[in-house]
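> can't give you the sequence, but here's the structure:
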């Protein structure tokens, strides 16, 4: 009884303090700036530091990639850093014809190489070689006019921090932090790359995306297992397609694909901007009208999403990697053989269904694996885990 009384007294003493803190907690005074073209900018004034953070998000991501063009949303995110007609080039009037000729040559080359698996109409080797040489020559001429990463250089010299972008299944984000006196520079630079983008170096950047996929997915147990799991959980829904794209799809993406996607989804009605820091709402509204006012709205097509079928029982996904001896989901060392002999039972695994039953199976299979493919024993006859 005494303990109960002490608890009640302590509670009564603490309640006024808790109530006072809750009452004193300031609410976020977020202001909204709306333009006639449908763009909305949310502003939170905070003068604690003479800086501001800026982010804008497009309500589109990998889930909206057209069939056979997976990875286009992610590749477009890369292309948004390649400059404009006035940024990233020393003479756009001279560069533009070269860009057009390079894109045309690549399209012709791609049409030719896509027949590699056609037994009745194989590609013309002489034509392929001629086109590659033409592309190399045109690219060498274009490089003389390109100012590499000029957007990044300008913003870095202005004091930007954390400048980056990201693409998920449902959204694409661009963000950075800048000194407060660079607010107009941010509006000017962002408006320029949204209203006047030039997708230079598209074909080499496509190769960069290939390398990104190899690094984060194909050479990563976690990435490989995650991709397998999503494909297993969403066989019909777009979430089953990786945001970075399937390799065969990425290899076929074109400059026209990126431009068509940009013109379809990068609309002010599909964009939300956020500014937080030492900024004034009046200044934001004035600059937004000045730089983003000419941005024309586009009609966003309705999204057609395939309905996921009802699951019928449990399913399993397997993933192996000879580059790491760790199970992707558990992070434990695998004691199953040499570097070149890794049984599939020690691969990264994801189960959809009963979790308890899945991990019971994993433990039993792993024990069996140790007995059959322990150190010094030959490789699995199935070849699982071979490099």
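Sure thing, it's come through. Given the structure is predicted, the values throughout are model-derived calculations rather than measurements.
> surely residue 116 touches residue 128?
No: look at residue 116 against residue 128 with Cβ atoms under 8 Å: they stay out of range, at 9.6 Å. Just so you know, the C-beta spots here come from the backbone N, C-alpha and C atoms, and that holds for glycine as well.
> which one of these two has more residues nearby?
residue 128 (15 against 9; other Cβ atoms under 10 Å).
> so which helix or strand takes in that one?
helix 125-143 (DSSP states H and E).
> show residues contacting that helix.
95, 98-99, 101-102, 105-106, 108-109, 112-113, 200, 203-204 (Cβ atoms under 8 Å, 6 or more residues apart in numbering).
> just those now: which is nearest residue 281?
Residue 281 has its nearest neighbour among these in residue 200, at 36.4 Å by Cβ to Cβ.
> my read: that closest one touches residue 89, true?
Yes: with contact defined as Cβ under 8 Å, residue 200 reaches residue 89; the gap is 7.4 Å.
> which neighbours do those two share?
What both residue 200 and residue 89 touch, as defined by Cβ under 8 Å, 6+ apart, is the set 83, 95, 146.
> for the first one, what are its contacts?
Translated: residue 83. Counting by Cβ under 8 Å, 6+ apart, the residues that residue 83 touches are 89, 147, 150-151, 193, 198, 200.
> any regions of the stretch 201-350 of the chain where pLDDT drops low?
Flagging of the stretch 201-350 of the chain using pLDDT under 70 yields the residue ranges 315-350.
> and the helices in the stretch 201-350 of the chain?
Per DSSP state H, counting those that start in this stretch, the stretch 201-350 of the chain carries helices over the ranges 202-213, 221-233, 247-250, 255-265, 281-292.
> so where does the residue nearest to residue 124 when sequence neighbours are not counted fall, helix or strand?
Take residue 124 and drop its neighbours on the chain: the residue closest to it by Cβ to Cβ, 6 or more residues apart in numbering is residue 112, 6.4 Å away. Assigned by DSSP H and E, residue 112 belongs to helix 92-113.
> so how far is that helix from its chain's centroid?
26 Å (Cα atoms, centre = their mean, to the nearest Å).
> for stretch 58-74, same thing?
How far stretch 58-74 lies from its chain's middle: 10 Å, per Cα atoms, centre = their mean.
> compute the first-to-last residue distance for that stretch.
Stretch 58-74 has an end-to-end distance of 12 Å (criterion: Cα to Cα, to the nearest Å).
> tell me the mean pLDDT over it?
For stretch 58-74, mean pLDDT is 96.
> check contacts around residue 91.
Counting by Cβ under 8 Å, 6+ apart, residue 91 touches residue 145.
> and it, how far is that from residue 85?
Note on residue 91: its distance to residue 85, by Cβ to Cβ, to the nearest Å, is 11 Å.
> and if you look at residue 117?
Note on residue 117: its distance to residue 85, by Cβ to Cβ, is 39 Å.
> more crowded one of the two?
Comparing residue 117 with residue 85 by other Cβ under 10 Å, the one with more neighbours is residue 85, at 14 against 7.
> so what's the more buried one closest to, chain neighbours aside?
The nearest residue in space to residue 85 (Cβ to Cβ, 6+ apart) is residue 92, at 4.7 Å.
> need the contact list for the one you found.
Counting by Cβ under 8 Å, 6+ apart, residue 92 has contacts 85-86, 198.
> just the ones of these in helices?
Using DSSP state H, the subset of those located in helices is empty.
> so which of these would you say is closest to residue 67?
Of the contacts of residue 92, the one sitting nearest to residue 67 (Cβ to Cβ) turns out to be residue 198, at 27.7 Å.
> wait, the closest one sits on residue 88?
Yes: under the criterion of Cβ under 8 Å, residue 198 makes contact with residue 88 at 6.8 Å.
> more neighbours, the two?
Neighbours per residue, other Cβ under 10 Å: of residue 198 and residue 88, the larger number sits with residue 88, 25 against 20.
> what sits against the closest residue to the more buried one other than its chain neighbours?
Spatially, and ignoring its direct neighbours in sequence, residue 88 is nearest to residue 150 (4.7 Å; Cβ to Cβ, 6+ apart). Residues near residue 150 by Cβ under 8 Å, 6+ apart: 83, 87-88.
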